[in-house]
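# What would the 3D arrangement of this be:
(chains A, B, C and D)
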Protein chains: 4
Amino acid sequence: MSEQVGFVTMAGQRATSKAPEVGVGMLGYAFMGKAHTNAFKKLPYIVYPPPAIPRLVAIAGRNEEAVKEAASRYGYEGYYTDWRQMLDDDRIQLFDNGGPNYAHAEPCIAAAQKGKHILCEKPLARNAQEAKAMLDAVNQAGVKAMVGFNYRFVPAVRLAYEMIKNGELGEIYHFRAVYLQEWITDPEFPYIWRLDKELAGSGALGDLGAHIIDLGRHLIGEVKSVMAMTRTFIPERNDPETGQRRKVEVDDAFEAVVEFENGAVGTLEASRFATGRKNHQVFEINGSKGSIRFNLERLNELEVYRTDAPKHTQGFTDVLVTESYHPFWSNWWPHGHIIGWEHTFVHEIAHLLDCIVNDKDIAPYGATFEDGYRNAVICDAILQSAEEGKRVEVTF
Amino acid sequence: MSEQVGFVTMAGQRATSKAPEVGVGMLGYAFMGKAHTNAFKKLPYIVYPPPAIPRLVAIAGRNEEAVKEAASRYGYEGYYTDWRQMLDDDRIQLFDNGGPNYAHAEPCIAAAQKGKHILCEKPLARNAQEAKAMLDAVNQAGVKAMVGFNYRFVPAVRLAYEMIKNGELGEIYHFRAVYLQEWITDPEFPYIWRLDKELAGSGALGDLGAHIIDLGRHLIGEVKSVMAMTRTFIPERNDPETGQRRKVEVDDAFEAVVEFENGAVGTLEASRFATGRKNHQVFEINGSKGSIRFNLERLNELEVYRTDAPKHTQGFTDVLVTESYHPFWSNWWPHGHIIGWEHTFVHEIAHLLDCIVNDKDIAPYGATFEDGYRNAVICDAILQSAEEGKRVEVTF
Amino acid sequence: MSEQVGFVTMAGQRATSKAPEVGVGMLGYAFMGKAHTNAFKKLPYIVYPPPAIPRLVAIAGRNEEAVKEAASRYGYEGYYTDWRQMLDDDRIQLFDNGGPNYAHAEPCIAAAQKGKHILCEKPLARNAQEAKAMLDAVNQAGVKAMVGFNYRFVPAVRLAYEMIKNGELGEIYHFRAVYLQEWITDPEFPYIWRLDKELAGSGALGDLGAHIIDLGRHLIGEVKSVMAMTRTFIPERNDPETGQRRKVEVDDAFEAVVEFENGAVGTLEASRFATGRKNHQVFEINGSKGSIRFNLERLNELEVYRTDAPKHTQGFTDVLVTESYHPFWSNWWPHGHIIGWEHTFVHEIAHLLDCIVNDKDIAPYGATFEDGYRNAVICDAILQSAEEGKRVEVTF
Amino acid sequence: MSEQVGFVTMAGQRATSKAPEVGVGMLGYAFMGKAHTNAFKKLPYIVYPPPAIPRLVAIAGRNEEAVKEAASRYGYEGYYTDWRQMLDDDRIQLFDNGGPNYAHAEPCIAAAQKGKHILCEKPLARNAQEAKAMLDAVNQAGVKAMVGFNYRFVPAVRLAYEMIKNGELGEIYHFRAVYLQEWITDPEFPYIWRLDKELAGSGALGDLGAHIIDLGRHLIGEVKSVMAMTRTFIPERNDPETGQRRKVEVDDAFEAVVEFENGAVGTLEASRFATGRKNHQVFEINGSKGSIRFNLERLNELEVYRTDAPKHTQGFTDVLVTESYHPFWSNWWPHGHIIGWEHTFVHEIAHLLDCIVNDKDIAPYGATFEDGYRNAVICDAILQSAEEGKRVEVTF
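Next comes the predicted model:
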């Protein structure tokens, strides 16, 4: 190539050179693999200057063709077909577990034992017992470990968190939350791993309910007791692996009443049978000084009621949480130029990297493995309450 | 007065002369007295031709000054200071009980024994036992008796009812309903009869919860079991009668999960501590073929999701239920010229009068005393579940 | 009838006895006749104590069968088949003209000459010249005369008016308003008087546009100039009277830019071809300190943006204008129990009666005939601008 | 570093190896530089397989420190401080002009003459004359040239486009669009280049209005005539360069009525003085078979009214345009996991790269320089109409 007149090369100068590099090993290349990788790639030029530069060392998966394709697509330096081997790779400091629920515990425990920092998708585990073992492992290893409760990192949710902490809502009376989807209302929808209790732990509860339980704990405080019902509307489905009908053992929906230690009460519900609801996570909080409402499908907005507004113009205010002074927004665009769902992972992973390289605490902004464990305890309590037909006091 | 050239007098011709007259005796002159009377007065020219012409014979109340004022204001022919005497008035065929909860049972039972038809405000009674006595009385007397669950008569709710009956939503999976208000969040709000368990029966449950329980039964079907919590956020208030602090024994809020006999599950909640929520009754129903959502503060609208809509334009449709072919709307205005809350009573009372003069059944459109009784059973079950911490199967 | 023990009769005591009586003579028994009569009937017990008691003396219409039916339905004491005769009836102090546009000028002028107070539906006249004659007549007669721009009497609109007057929006920059309907999009919709320029004056402009022009003048100030286009989408329709095709000479829609004397600018639009829009009058006002938005189909709400709200929770607030301290609401129900379109007439007529019996000014709350005339001048200017293709300065 | 057992390296295998590479030279490193670069970086793993792999060869800007920082931040191989030199770089096939309005014409014309394909931000030029020169240059050079009217690439807007083309809205009657912002309402906001007619061409008109004019042309058809007003609310501002007051010569807002060649009429408005409106681009289209409404601040949604829906459930449907079968969505996430504003550029640039490497037409999906020129003609017509106070027929 001919000499370029006036061209000043950046070669030899690593991008954003002052930031340390953190080597990433990713497990999983499906939905969450794509979402996390996207965040690793955007972070260095969006969160600027970045706390660290993720280096996409390797991605692991059992299907070599698929994992190679993913490595190519996402720009990983290479791949493994065995996550155990990946954990031996010294270039990797951060193990990102984006695999299915049944592949959370063993790899995460092994990663902790290898001294890797960990990001594990939610729910942390299939049940409290499994989660406890994971918690113990990371505590013993002293690594940074975060659970992927990414909705804590929605700007509007962080704003809600800060308002509550600042006392802007006063004493909290109510938390009501639903997480509604519709994707298995078709009876012909097949039996998949998410419907297998052995592999998934639970159904809508662990998949969707875990998110709103986490938000309840994050925003309101610890859960004291629950009363719940669960329902499986379509009891059998075709198993594509066997061609046979197979019993669905997980919940298609759960409904719960919840009591918090600080006296607030409310309802929790998740369903995969809410026709027309695509990704409808909505929560409302009522306090003595105000209320807020959030809807994930309009995640750039937060509805806020303030009792200190002038009386004649009180009402729920649709706050477009896109100002430069709103959480995370200094990284983004001019106000009103909204962000999407995927951006929550940019904020989440930036926080994790900051904790790793600057030895900060994951809590309170991020969900620790302790949070993940307690979440699992509450999920177990909900299943127990539904089965026994009585209120279950939550003990950790 | 001078002779009016060209004037044709209507004197001697009773308005809408073919309709029979139904004499009304009203108990109560406050909120519900005003709302019901307004309906009696509007009905003859709005529901046209009217099934009957209400004749406002008398209104009863203990405070003579107030009841006289009400009689004057509303155009009653006269008044009574003792409802027992009013029930002896032969000109009265319909006894309208708009009094407080503690004044429902005795007057209604007496009215039934005198052969009066009855409209009783909700909740029918303070508990199931009291409601049962009222039910037995009207059954024995063979009078028409309706409970004032007026939200059945919102055009959008009737439309929802018809759609469900027609199978447009398919199999019903979920019913979630809240009825949220905020009017006693102020700790200085005084102790009033609605906070007195002896007089009111319960708190938010009977006042607000009864409405959404009725809508659940009306739209979805019979309730099978409940699990619930209740909460009294402010345990003592100033009693203006004594100047002393007094213990609040009713619920400020209740939270419940509910199971219907047809398999649907959901949540129910009512609160007087939902800051910013004025009269926020919202329910959502999800079925295999579609979903609907209703919000009382926008009662002219019904949100509808249909799975049979073209795929690329599916979504929740904001139906403005104001077309001439929508329920009740042939009586009103051109489309888009919305009606208000008070108009539900016009529809409700027109139905009752039609049942009275044409010997039709209150059910299924109106709430019978059987409905009122069952509603009370469910309220009792909710209180029992909250107290005992276990699921309560509902038996009537 | 047997003696009623305990019954105290109101006979001989006129309802709300201290209020003077105002005799009403109504012209027209269709849409507006019903809406106005409803207001006359509700007012005495809703606006309490009422400024005056309307006495429904007579209703006039050419079709005797229809007018007799209306007299019966609405409870008028009698009827006339000739409005001229009605104007000779001394029992009538208030002439209410709810007739079509072509029947506004002559009866109103005659009524003024007879010393009747006047309520005339909008638009006041078919053009400015006709309106001027009406204005001169009422000025000369010294009677109270109001034009039925009822949307001034929506509580949310009055709240907007008060906020602007109080400076809560600061300097006003923009007024944009649409009034959209859809009722003649069907090419088979017949030729009716509203499509006849001779009878109606104009199309969407006078019917719908007049309302938003009035709101612009009421809320923002006087109009300085306009630029406009009009469109008739379906140029011919079947005339049911002749069975022939007939040319439509009025506008199906108009589009205008508008400049106010105080420097604000904006757009005005009305259409009968906005598919899906039933009665969609929406306006937005932007000022240096805040903005408001109103939607007639949700008339109990006002969206308000305040620059003095805490920065992190600024946004458009959905104010439910139903508090006891909001305009007109002390008359109605507990907050959140919404009112309907028809109630605007209750407020409007209460104001008129107050002006009549207490000799108060119609302005600024009500629209005077001067307002009606200026409105007509602006409508004429819009038509002229559309025809000439140039900006027209408005002069009165 | 120790040998990695099981690691399969991707080194030597270019990512997504079958796609050709397109070298990019970017002018500008501010708002648009960031937005475009983000799209170039995301495209290879989001639009998969990608039509081409953008190679970020160089970025140009006059301020060396800033451009070096941008090159580092965004991962460009190097930088230029003179765009002329960059256009001599043979590694660059695509010149991306994200600079300010006054830096559009000269660099784009030069790039065309060098045979570079071009992406130029909107408005294409400061006036029609300048745009015409640019159009002539790219036509003569035969390069692919696109104007950054990115809102054509919002999934909901593409859906609207397809629906209109398919006749789902029938004959189009109306297009009304606003683009409202608030960022210079503060009188202390300084004089910047966007307020300088020499540098910007116009104010809100070219900045915001150009977008809605493009959408009108894209969705409805060619513009026939306009009538308009403009307004500069704050006539002078402090110029930070001189410390002096300086006259603002561009429009703070414009208001227009617009007529399309196909007979549709409507309004256009853009303002930087709409307090509370952050990035409020809203348009509504009414046709004989239905209507649609779009709001950029909720860009994942499209409101749709269909006259072919069942009569009793007609209404505006809030379509969440996030299904896999919706435009562009096969690239993204499960439904309901919304995308943001920035993603429009991913779609836009993917289209451009596809056109470049596969020699496809920019039109009709993308905006050509012909579109950019015609847009400028319409902007000029609006200014002319405002100045002359008369309707201006648009001629190209």
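# Which residues of chain A lie near chain C?
By the rule C-beta under 8 Å from any C-beta of the partner chain, the part of chain A lying against chain C is A:159, A:163, A:301, A:304, A:306, A:309-320, A:323, A:325-326. For glycine as for every other residue, the C-beta is placed from the backbone atoms N, C-alpha and C.
# Of those residues, just the buried ones, PyMOL syntax please.
A single PyMOL command suffices to select whichever of the residues of chain A next to chain C are buried according to 16 or more other C-beta atoms under 10 Å in any protein chain shown:
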select buried, chain A and resi 159+163+301+304+306+309+312+313+314+315+316+317+318+319+320+323+326
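# which of the residues of chain A next to chain C come close to chain D?
A:Leu320.
# Next step: the residues of chain A next to chain C restricted to helices.
Residues of the residues of chain A next to chain C located in helices (DSSP state H): A:159, A:163.
# Can you give me the end-to-end span of stretch A:245-265?
Taking C-alpha to C-alpha, to the nearest Å, stretch A:245-265 runs 40 Å from one end to the other.
# pLDDT on that stretch, on average?
If you average the pLDDT over stretch A:245-265, you get 97.
# touching chain B at all, stretch A:215-224?
No - Stretch A:215-224 stays clear of chain B (C-beta under 8 Å from any C-beta), getting no nearer than 10.4 Å.
# And that stretch, what's buried?
For stretch A:215-224, the neighbour count (16+ other C-beta under 10 Å) marks A:215-221, A:223-224 as buried.
# and the helix or strand A:Phe175 falls within, what does it pack onto?
Assessed by DSSP states H and E, A:Phe175 sits inside strand A:172-180. Packing partners of strand A:172-180 (3 or more C-beta pairs under 8 Å, 6 or more residues apart in numbering or on different chains; DSSP states H and E): helix A:210-219, strand A:253-260, strand A:265-271, strand A:280-287, strand B:265-271.
# I'd like the distance from the second one to the chain centre, please.
What that stands for is strand A:253-260. The chain centre lies 20 Å from the centre of strand A:253-260; the measure is C-alpha atoms, centre = their mean, to the nearest Å.
# Roughly how far does whichever residue of the stretch 51-200 of chain A sits closest to chain D sit from D:Val8?
The minimum distance from the stretch 51-200 of chain A to chain D, using C-beta to the nearest C-beta, falls at A:Gln85 (3.4 Å). A:Gln85 sits 10 Å away from D:Val8, going by C-beta to C-beta, to the nearest Å.
# next one: A:Val8
In this view, A:Val8 and D:Val8 are 36 Å apart by C-beta to C-beta.
# Likewise for A:Val226?
Distance from A:Val226 to D:Val8, by C-beta to C-beta: 47 Å.
# What does the pLDDT read for whatever residue of the stretch 1-150 of chain A ends up closest to chain C?
The minimum distance from the stretch 1-150 of chain A to chain C, using C-beta to the nearest C-beta, falls at A:Val47 (20.8 Å). On pLDDT, A:Val47 comes in at 93.
# Is the residue lying closest to it once chain neighbours are set aside in a helix, a strand, or coil?
Nearest non-adjacent residue to A:Val47, counting by C-beta to C-beta, 6 or more residues apart in numbering or on different chains: A:Ala350, 4.4 Å away. Following DSSP: H, G, I helix; E, B strand; the rest coil, A:Ala350 is assigned to helix.
# what residue ranges in the stretch 1-150 of chain A score low on pLDDT?
A:1-2, A:14-17 (pLDDT under 70).
# residue boundaries of the helices in it?
Using DSSP state H, counting those that start in this stretch, the helices found in the stretch 1-150 of chain A span residues A:31-46, A:64-74, A:83-87, A:105-113, A:128-141.
# need the contact list for the spatially most central residue of chain A.
Note on chain A: the residue nearest the mean C-alpha position is A:Phe149, at 2.4 Å, using C-alpha atoms, centre = their mean. Residues near A:Phe149 by C-beta atoms under 8 Å, 6 or more residues apart in numbering or on different chains: A:122, A:210-211, A:214-215, A:218, A:366-367, A:371-372, A:375.
# Which two of those residues have the greatest separation?
Spatially, the most separated pair among these is A:Ala210 and A:Gly366, at 15.2 Å (C-beta to C-beta).
# Next, count neighbours for A:Gln85.
15 (other C-beta atoms under 10 Å in any protein chain shown).
# Backbone dihedrals for A:Cys355, both of them.
The phi and psi torsions at A:Cys355 (degrees, to the nearest 10) take the values phi -60, psi -40.
# Make sure it is actually in contact with A:Lys144.
Yes - counting by C-beta atoms under 8 Å, A:Lys144 is a contact partner of A:Cys355 at 5.1 Å.
# Could you check which of these two is surrounded by more residues?
With neighbours defined as other C-beta under 10 Å, A:Cys355 and A:Lys144 compare such that A:Lys144 has more, 25 against 20.
# how close does the residue nearest to the centre of chain A get to A:His218?
A:Phe149 is 8 Å from A:His218, by C-beta to C-beta.
# do A:Leu302 as well
Going from A:Leu302 to A:His218 by C-beta to C-beta gives 15 Å.
# For the stretch 201-350 of chain A, just list every one of the strands.
A:223-231, A:236-239, A:244-247, A:253-260, A:265-271, A:280-287, A:290-295, A:301-306, A:316-320 (DSSP state E, counting those that start in this stretch).
# Out of those strands, which one sits most buried?
Greatest average neighbour count among these goes to strand A:265-271 (a mean of 28), per mean count of other C-beta atoms under 10 Å in any protein chain shown.
# Partner strands of it and their direction?
strand A:172-180 (parallel), strand A:253-260 (antiparallel) (DSSP bridges).
# picking that back up, okay but the residue of the stretch 1-150 of chain A closest to chain C is in contact with A:Phe345, surely?
No - at 11.5 Å, A:Val47 does not count as touching A:Phe345 under the criterion of C-beta under 8 Å.
# residue of the stretch 151-300 of chain A with the smallest distance to chain B?
Residue of the stretch 151-300 of chain A nearest chain B, by C-beta to the nearest C-beta: A:Gly276 (3.1 Å).
# separation between that residue and B:Ala160?
Counting by C-beta to C-beta, the separation of A:Gly276 from B:Ala160 is 14 Å.
# again, but for A:Ala137
For A:Ala137, the distance to B:Ala160 equals 52 Å [C-beta to C-beta].
# between the two, which one's more packed in?
Using other C-beta under 10 Å, the more surrounded residue of A:Ala137 and B:Ala160 is B:Ala160, with 25 against 20.
# That one: what's it in contact with?
Contacts of B:Ala160 by C-beta under 8 Å, 6+ apart are B:219, B:285, B:292, B:294, B:302.
# Make CSV out of the residues you listed and add pLDDT.
Below are the contacts of B:Ala160 laid out as CSV (pLDDT from 0 to 100):
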residue, pLDDT
B:Leu219, 98
B:Ile285, 98
B:Ile292, 98
B:Phe294, 98
B:Leu302, 98
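# Nearest to chain D among these?
B:Leu302 (8.0 Å).
# So in chain A, which helix runs the longest?
Identified as the longest helix of chain A according to DSSP H is helix A:369-388.
# Check which element follows it along the chain.
Counting by DSSP H and E, the next helix or strand C-terminal to helix A:369-388 is strand A:392-393.
# and that next one, what's its mean pLDDT?
Per-residue pLDDT over strand A:392-393 has a mean of 98.
# Give me the helices and strands touching that strand, please.
Looks like strand A:392-393 contacts strand A:223-231, helix A:369-388 (3+ C-beta pairs under 8 Å, 6+ apart).
# neighbouring contacts of the first one?
Strand A:223-231 has contacts (C-beta under 8 Å, 6+ apart) with A:203, A:205, A:213, A:216-217, A:251-261, A:268, A:378, A:381-383, A:385-386, A:390-394, B:173, B:227-229, B:257, B:259, B:263, B:265, B:385, B:389, B:391.
# any idea which element A:Thr395 lies in?
Assigned by DSSP H and E, A:Thr395 falls within no helix or strand.
# Next one: it from chain B, what distance?
15 Å (C-beta to the nearest C-beta, to the nearest Å).
# Tally up the residues packed near that residue, please.
By other C-beta under 10 Å, the residues close to A:Thr395 number 8.
# quick one: contacts for it?
Contacts for A:Thr395 (C-beta under 8 Å, 6+ apart) come out as A:Val377.
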